[in-house]
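Asker: Test case, fold it:
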Amino acid sequence: MNSKNTLKKSPKLVVIGAGIAGVGAAGKLLTHGFTDIQIVEASSQPGGRIKSSLFGKSTVDEGAQYIHGASVKNPIFQLAKEHGLLQETQDRSDPELSVLTNMQKQMDPDVTKEVKNLSSSILRRAHLIAQQKQYTQANSLADVYLEEVKMLVAQWDGDHTDLRRQKLGLLSMLMKWQCVHHAAGSLSEVSVHEYEEYNTIEDHDRNSQGMLYCSRLFPNLLEKLLEVIPREKLLLKKPVQQILWNGSFESEDRSLYPVKVLCEDGGHILADHVILSISLGCLKANGQSLFQPRLPEQKLNAIQSMGFGTMNKIYLEFEAPFWDENTDVIGLVWEEETPLSRQEPNLAEWWKSAPVFYVFKPTERYGHLLVGTISGKEAEFIESLSLQEVASSLTCLFRQFTGRSSLPELKNVFVTKWFSNPYTRGSYSHISINSTGDMIDLLTEPLPHATEGSGSPMLQLLFAGEATHRSYHSTTHGALLSGWREAERLIDLYSTK
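Answerer: This next block holds a predicted model:
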């Protein structure tokens, strides 16, 4: 127990979801003297969107992979450092990007860097640009991006036709890359205020595999957080069917509790407080039926309005590399594409939505591995394909871009499936054109509301998870901080100082 606090009483708590938010919340509560805690997890293992699998010569991350802002200000970095998980092997803060076109050309690295920097600057400053240039109709990142691209194109009139075409294709590729970052099908889905709300922790984003740190960084970190939680307090394969709240439910010893958690196996758990750390995708799919009584309409509206999409990874193993040993990222540009043309989902040519492939290093650990990223409807679609279909399509893709018809078939392929996973229904959140940062705060607000004279027990339902952190949504550190935040609410409620 924390030496500075003692508990007024020992409440009964249930944490739904054993991702890093739920595990973080339970761990903090246990270390502050709370003992009657039960974590229920629907799947067969803890972790949520932290998950790794064997592939090739090593282990790869299906979900969380990056420390976004690798500094002591990031709790993930700090915890990984404290537990000795930062076994640095190689890092380049500015990875070597090699861009190929479908016309078997390699783009000039200086041109690539210049256009990439211009693109990033537009997107990061989109909300400021919209204000400064009075783009009053700008609702999405795409609105600002396309207006700025039109001005760039006008400045490229003096360029050779081939170079101009390549630059436009590169801008289109960079748009797709940004869609992957937001797990969105299009930048027209992402609010122009996304980067205004999201806070970047100083220092670069760091890759937990391939270029830096030990294998299984996030799963290992989760295991460290689980060490303070007794095994019997974690129930796996325990999906929740419904949460009855604001009631008066009697236990066997005649005690009364305001919340009753009904499980799909027919069992139930009574509680004073429930911390929900399930994905926003699940709340979108089940929010109407999961709670009885229904959630307030404003909260339901926030759940449905906020952005939550799918980003999947495609892991590829080769017998031998076709890329240069100094290459860290391979970009693929379709020269006929331009960001100024409306891009609709194209499931028949889904591979065109995979803009980049990352090279795993060192080769001694991983072998010859690439991982591609894809988002939107195409990311959902590939979950329905066989691995043979994926391998065949990508073999043809790389043969086309390299001009090497003899490029051998892939040795092995693995595709993540976050959309069809019933306990995630997607990958992570963003602020959509239909939502605001205020909606994240609304989603986060505990229930019942603190209305004067209501007489209802407070903090019956608390909400955690990456989508509930206004400044760090979509990140593991945002998820962890959200779990700690909800734990602190209960610590403050029950502690005497």
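
Asker: Output the below-cut-off pLDDT ranges for the stretch 201-350 of the chain.
Answerer: For the stretch 201-350 of the chain, the stretches with pLDDT under 70 are 203-204, 206, 208-215.

Asker: Helices of that one, start to end?
Answerer: 217-226, 280-290, 297-305 (DSSP state H, counting those that start in this stretch).

Asker: Can you name the residues bridging to the nearest residue to residue 249 once chain neighbours are set aside?
Answerer: Closest residue in space to residue 249, ignoring its immediate chain neighbours: residue 260 at 4.5 Å, by C-beta to C-beta, 6 or more residues apart in numbering. Just so you know, the C-beta spots here come from the backbone N, C-alpha and C atoms, and that holds for glycine as well. On the basis of DSSP bridges, residue 260 is bridged to residue 244, residue 270.

Asker: from what I can see residue 260 touches residue 248, true?
Answerer: No - the pair residue 260 / residue 248 is not scored as a contact, 9.7 Å apart, by C-beta atoms under 8 Å.

Asker: who's more crowded, those two?
Answerer: residue 260 (21 against 9; other C-beta atoms under 10 Å).

Asker: Could you tell me how far that one is located from residue 391?
Answerer: 49 Å (C-beta to C-beta, to the nearest Å).

Asker: ditto for residue 264
Answerer: 36 Å.

Asker: Pick out whichever of these two has more residues nearby.
Answerer: The residue with more neighbours, out of residue 264 and residue 391, is residue 391; 20 against 12, by other C-beta under 10 Å.

Asker: The more buried one: what's it in contact with?
Answerer: Residue 391 makes contact with 316, 409, 410, 413 under the criterion C-beta atoms under 8 Å, 6 or more residues apart in numbering.

Asker: likewise residue 201?
Answerer: 68, 69, 71, 73, 74, 477.

Asker: and with 10 Å instead?
Answerer: Residue 201 sits next to 67-77, 471-472, 475, 477 when contact means C-beta atoms under 10 Å, 6 or more residues apart in numbering.

Asker: And for residue 318?
Answerer: 56, 367-370, 395, 398, 407-412 are the contacts of residue 318 under C-beta under 10 Å, 6+ apart.

Asker: run the last query once more with 8 Å
Answerer: 368, 369, 370, 408, 410, 411.

Asker: Which positions are bridged to the residue nearest to the spatial centre of the chain in the beta structure?
Answerer: The residue lying closest to the centre of the chain (C-alpha atoms, centre = their mean) is residue 428, at 3.6 Å. Beta-bridge pairing for residue 428 (DSSP bridges): residue 309.

Asker: hang on, it packs against residue 65?
Answerer: No - in this structure, residue 428 is not within contact of residue 65 by C-beta under 8 Å, at 11.7 Å.

Asker: quick revisit: can you check the pLDDT for the residue nearest to the centre of the chain?
Answerer: With respect to pLDDT, residue 428 scores 98.

Asker: going forward can the numbers begin at 39, since that is how I track them
Answerer: Sure, I'll start counting at 39 from here, so that last one is residue 466.

Asker: quick one: it from residue 279, how far?
Answerer: Taken as C-beta to C-beta, the span from residue 466 to residue 279 is 25 Å.

Asker: what do you get for residue 143?
Answerer: 56 Å.

Asker: go on, residue 385?
Answerer: Going from residue 385 to residue 279 by C-beta to C-beta gives 34 Å.

Asker: returning to what we had before: got a list of what the residue nearest to the centre of the chain touches?
Answerer: Going by C-beta under 8 Å, 6+ apart, the list of residues near residue 466 reads 87, 221, 346, 347, 349, 504, 505, 511, 512, 513.

Asker: quick one: which of these is most hemmed in?
Answerer: That'd be residue 505 among the contacts of residue 466, by other C-beta under 10 Å, with 30 neighbours.

Asker: Inside strands: which ones of the contacts of residue 239?
Answerer: residue 105 (DSSP state E).

Asker: Among the contacts of residue 239, name the buried ones.
Answerer: Buried by 16 or more other C-beta atoms under 10 Å: 105, 106, 107, 108, 112, 113, 114, 115, 510, 513, 515, out of the contacts of residue 239.

Asker: Check the secondary structure at residue 123 for me.
Answerer: coil (DSSP: H, G, I helix; E, B strand; the rest coil).

Asker: tally of neighbours for it?
Answerer: Using other C-beta under 10 Å, residue 123 has 19 neighbouring residues.

Asker: And it, how close does it get to residue 338?
Answerer: 39 Å.

Asker: I'd like the next helix or strand past the strand or helix carrying residue 402.
Answerer: If you go by DSSP states H and E, residue 402 is part of helix 401-404. Using DSSP H and E, the helix or strand that follows helix 401-404 in sequence is strand 406-413.

Asker: What helices and strands are in contact with that next one?
Answerer: If contacts are counted by 3 or more C-beta pairs under 8 Å, 6 or more residues apart in numbering; DSSP states H and E, strand 406-413 sits against helix 199-220, strand 349-356, strand 394-397.

Asker: which residues touch the helix or strand following that strand?
Answerer: Once the chain leaves strand 406-413, the next helix or strand it forms, by DSSP H and E, is helix 414-420. Residues from elsewhere that reach helix 414-420 (C-beta under 8 Å, 6+ apart): 217, 222-224, 347-350, 352, 383-385, 388, 391-392, 412, 428, 453, 457-458.

Asker: For the stretch 389-535 of the chain, give me the ranges with low pLDDT.
Answerer: 489-492, 534-535.

Asker: which stretches of it form strands?
Answerer: 394-397, 406-413, 450-453, 466-468, 499-501, 533-534 (DSSP state E, counting those that start in this stretch).

Asker: Could you report the neighbour count for the residue lying closest to residue 168 once chain neighbours are set aside?
Answerer: Spatial nearest neighbour of residue 168, excluding adjacent residues (C-beta to C-beta, 6+ apart): residue 176 at 4.3 Å. Look at residue 176: counted by other C-beta under 10 Å, it has 22 neighbours.

Asker: how far away is residue 176 from residue 380?
Answerer: 17 Å.

Asker: Same question for residue 217.
Answerer: 14 Å.

Asker: who's more crowded, those two?
Answerer: Between residue 217 and residue 380, counted using other C-beta under 10 Å, residue 217 has the larger neighbour count: 30 against 9.

Asker: Now do the same contact list for that one.
Answerer: Here residue 217 is in contact with 223, 224, 225, 391, 413, 414 (C-beta under 8 Å, 6+ apart).

Asker: swap in residue 275?
Answerer: 79, 80, 81, 82.

Asker: Out of the buried ones among the contacts of residue 239, the closest to residue 158 would be?
Answerer: residue 106 (15.1 Å; C-beta to C-beta).

Asker: any idea how far residue 320 is from the residue nearest to the centre of the chain?
Answerer: Counting by C-beta to C-beta, the gap from residue 466 to residue 320 is 13 Å.

Asker: Check residue 142 too.
Answerer: From residue 142 to residue 320 the distance is 45 Å (C-beta to C-beta).

Asker: who's more crowded, these two?
Answerer: residue 320 (23 against 12).
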